[in-house]
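Here is a sequence together with a model predicted from it:
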Amino acid sequence: MDASVSFPGRILFLTEDARVIARQLQGEDLQSVPEGLVDNISTDEITPGWVCFWYDATLGLYSLVGLRNQAIGRGAIKDGGFSVLVSGRSKGCGSSRETAPYSEKAAGVRLVIAKSIEKIYGQNCQNIGLLTSTDFGLLERIKNGEAIPISEFTRGLDPISSAIVEHGGLFAYNAARLAGSVRPPLPTTPERPMTAVEKIIASHAIADAAKGATGIAAVKPGDAVFCRTDVRFTHDYVTPMAAAQFMEGFGKDAAVADVASVYAFRDHLTFLKDVMPEPQRKQGLLQLADDLAVTQEAFCRRQGIRLYGEVAPERGGGSEAICHNAVLEDIAGPGELVIGTDSHTCTAGALGCFAFGVGSTDMANAWLTRDVRVTVPETVRIQIDGKLSASVSAKDVMLFVMADRYFKDGKAIGQVLEFCGSAVESMSIEERATLTNMAVEAGATTGFIAADDVTLEYMAKHRGIDVGPLRQQIVRSDDGASFVHSMHIDVSALPPMVATPGDPRNGVPVTALDGPVHIDIAYGGSCTGGKSSDMEMYARVLEQAVARGMRVKEGVRFYIQFGSQAIRARAEQAGWVDLFTRAGAELVNPSCGACINAGPGVSRNEGQVTVSAINRNFPRRSGPGKVYLASPLVVAASALAGYITTPDALFAAKR
């Protein structure tokens, strides 16, 4: 990349007011930064799920077509000649899909400026050569035609990230690294008390690439290293894009290294055919989506990658397992470093490992090098004590945590949330996984909970292995470790919570809702709400309901979707499948499904209201309707009542 870069195109300010965007699309250039820049533009808005069926330059035609005010149509960014996009806080929150920044770059955008930029999105931008900045002072210089030094875009970055930006992307940088012309410097941090995640990073850091040696004395926040991975996984949305990049970057005969530690999942789009609107079918999008699975299967077969595949229609269709549920039950372990092409890879942090999402470029490189770049994150310590009431779950705890100003203001971007305390210790692994799963909704890189006897018992039960040796892998934060922020929460009096539409950080007590919120859909499923512990909560509510002669409210559709075939089997054995059916719930085999607008449970129009156990309620993510997030207990009770309520309130009213 040149020492400086010019931006001859136009500047597009993304505002809440669709009319302001429309004027710019029609040719008007704003002379100053307008009021009302859009905050929290999610990757779902940049490239909605159906756009991700493409993974080439076609994406440039559809960049930002999902923006919440529906101000941007097909080809608008590209046709408008924009080279700079400007928005508010938390640009690129949500999914790790690299299609989002790729679409912006393919539309001609060279620079993204926002008040803050989410970690995975920002790293994906670096990887593909799309520049980012939080410096609004650049705008006047760009309008004046000034060539901006690359140093303006590397200021504050670690040495590895700076070098990647200077090389124009990760592939160019790694080519130089593999050729030996670039050697990433090792941190010189002296021994110090470290957090658990810092200790995992230090032990996995590549100390000598030529010898394959790992482990350095210590790291601190801001240090940059390449780390050896223990687990690498992709899913059907991303495997084809990563495979194309892998072969383009390293040759058609390139082989995935250490393939035994690599996994793939056909888990996102298995029910898409049941919900895809007719106009999209006519565009041939269903065939594009089906082709993703074909490409994934062919790549996995050629490389020898273990593929968790699709279930035959006669067995109910769907998937063997949602990737995060399988990684939790079958694959990850304490002290390991896990990467996956999904932002909810952080789920595995419940096992005491450092697990985080990456984009397709990171994964394509990691398939060959076995390593991934890591900038050591700061850690937030969240101590949760007290005893949860029977009507409150880990989901309520996390909705309460995320409603704190620290997270709503985007201060946790790129950080680690380490959960501890007596309430956490008393949780099952699957309830702990709800906390770590939703760390990314708080803007964090991941969540972490130190492994203990509960962890080992869970692994022994689900994997049938001798977990004795795993005790040596358990990692805990040192006494005296430094935390960037600390919270202490007593959950003894915590009420059931709900996040109002638009952002998972909109948490309020259910009792604070303005009047009865009538619902059309209740959805219990996804990696967050489809675990065995969640099934137990649905069953707890429905068992009381059936005993009282109650069923799902007429006019409401209640979906319960299992996170894996193993979870469904356990529900059958416990008698819950029969109970769910008798109560009027509709059962769905494993798949990400409605959580990504790709399965039963999606809304069909803007007037529909859903209460959901999933982790995200960004605009239009699960269809055009409004989505409230809640615990499995509240979702089940609401399905019975026809409006958002708690089990206690529901059954008190029915006495």
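The structure has been received and is ready for your questions.

Could you report the neighbour count for the nearest residue to residue 539 once chain neighbours are set aside?
Nearest residue to residue 539, sequence neighbours excluded (CB to CB, 6 or more residues apart in numbering): residue 576, at 4.4 Å. For the C-beta atoms, the positions are set from N, CA and C on the backbone; glycine is no exception. By the criterion of other CB atoms under 10 Å, residue 576 has 23 neighbours.

List the contacts of residue 69.
Residue 69 makes contact with 16, 17, 18, 21, 38, according to CB atoms under 8 Å, 6 or more residues apart in numbering.

per-residue pLDDT, the residue nearest to residue 539?
At residue 576, the model reports a pLDDT of 98.

do residue 2 as well
For residue 2, the model assigns a pLDDT of 54.

Quick check: buried residues in stretch 234-245?
Using 16 or more other CB atoms under 10 Å as the test for burial, stretch 234-245 gives 234, 235, 236, 237, 238, 239, 240, 241, 242, 243, 244, 245.

what's the last one sitting at in phi/psi?
For residue 245, the backbone dihedrals (degrees, to the nearest 10) come out as phi -70, psi -40.

Same check on the fourth one?
Recorded main-chain torsions at residue 237 are phi -70, psi -30, according to degrees, to the nearest 10.

What's the separation between it and residue 290?
To residue 290, residue 237 is 13 Å away according to CB to CB, to the nearest Å.

same check, this time on the fifth one
With distances defined as CB to CB, the gap from residue 238 to residue 290 amounts to 16 Å.

Also the first one?
For residue 234, the distance to residue 290 equals 17 Å [CB to CB].

Please render the buried residues of stretch 234-245 as a markdown table that adds distance to residue 316, secondary structure and pLDDT to the earlier fields.
As requested, those are exported to a markdown table (distance: CB to CB, whole Å; DSSP: H, G, I helix; E, B strand; the rest coil; pLDDT from 0 to 100):
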| residue | distance to residue 316 | secondary structure | pLDDT |
| --- | --- | --- | --- |
| 234 | 24 | strand | 98 |
| 235 | 20 | strand | 96 |
| 236 | 18 | coil | 94 |
| 237 | 22 | coil | 91 |
| 238 | 25 | coil | 95 |
| 239 | 23 | helix | 96 |
| 240 | 25 | helix | 96 |
| 241 | 29 | helix | 95 |
| 242 | 29 | helix | 96 |
| 243 | 29 | helix | 97 |
| 244 | 32 | helix | 95 |
| 245 | 34 | helix | 95 |
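
now these in CSV, with distance to residue 622?
Output for the buried residues of stretch 234-245, formatted as CSV (distance: CB to CB, whole Å):
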residue, distance to residue 622
234, 23
235, 18
236, 18
237, 16
238, 20
239, 23
240, 24
241, 23
242, 25
243, 28
244, 28
245, 29
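
between those, which is closest to residue 148?
residue 245 (27.8 Å; CB to CB).

now that closest one, nearest residue through space, not along the chain?
residue 364 (4.0 Å).

Residue 565 contacts residue 591, doesn't it?
No: judged on CB atoms under 8 Å, residue 565 makes no contact with residue 591 at a distance of 11.2 Å.

The two: which has the busier surroundings?
Between residue 565 and residue 591, residue 591 has the larger neighbour count (other CB under 10 Å), namely 32 against 20.

Could you measure from that one over to residue 319?
Distance from residue 591 to residue 319, by CB to CB: 5 Å.

Relative to residue 563, how far out is residue 309?
Here residue 309 is placed at a distance of 16 Å from residue 563 (CB to CB).

what is the mean pLDDT for stretch 419-436?
On average, the pLDDT along stretch 419-436 is 98.

End to end on it, go ahead and measure it.
End-to-end distance of stretch 419-436 (CA to CA, to the nearest Å): 8 Å.

Do a quick rundown of the strands in the stretch 451-600 of the chain.
Under the criterion DSSP state E, counting those that start in this stretch, the stretch 451-600 of the chain contains strands at 485-490, 497-499, 507-509, 521-524, 557-561, 586-588.

Adjacent strands (with direction) for the last one?
It stands for strand 586-588. Strands adjacent to strand 586-588 in the sheet, as given by DSSP bridges, are strand 557-561 (parallel).

any idea which element the residue lying closest to residue 647 once chain neighbours are set aside lies in?
Closest residue in space to residue 647, ignoring its immediate chain neighbours: residue 637 at 4.4 Å, by CB to CB, 6+ apart. Assigned by DSSP states H and E, residue 637 belongs to helix 632-641.

what's that helix packed up against?
Using 3 or more CB pairs under 8 Å, 6 or more residues apart in numbering; DSSP states H and E as the contact test, the elements touching helix 632-641 are strand 521-524, helix 532-547, strand 609-612, helix 647-653.

May I see the buried residues of the lengthiest helix in the chain?
Longest helix in the chain by number of residues, with DSSP state H as the criterion: helix 285-303. Buried residues in helix 285-303, defined by neighbour count with 16+ other CB under 10 Å: 285, 286, 288, 289, 292, 293, 295, 296, 297, 299, 300, 303.

what's the answer for stretch 553-564, then?
Going by neighbour count (16+ other CB under 10 Å), the buried part of stretch 553-564 is 553, 556, 557, 558, 559, 560, 561, 562, 563, 564.

Likewise for stretch 276-285?
276, 280, 285.

Now pLDDT and distance to residue 606 too, for the residues you listed, in TSV please.
Shown next, in TSV, are those (pLDDT from 0 to 100; distance: CB to CB, whole Å):
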residue	pLDDT	distance to residue 606
276	90	18
280	90	17
285	92	21
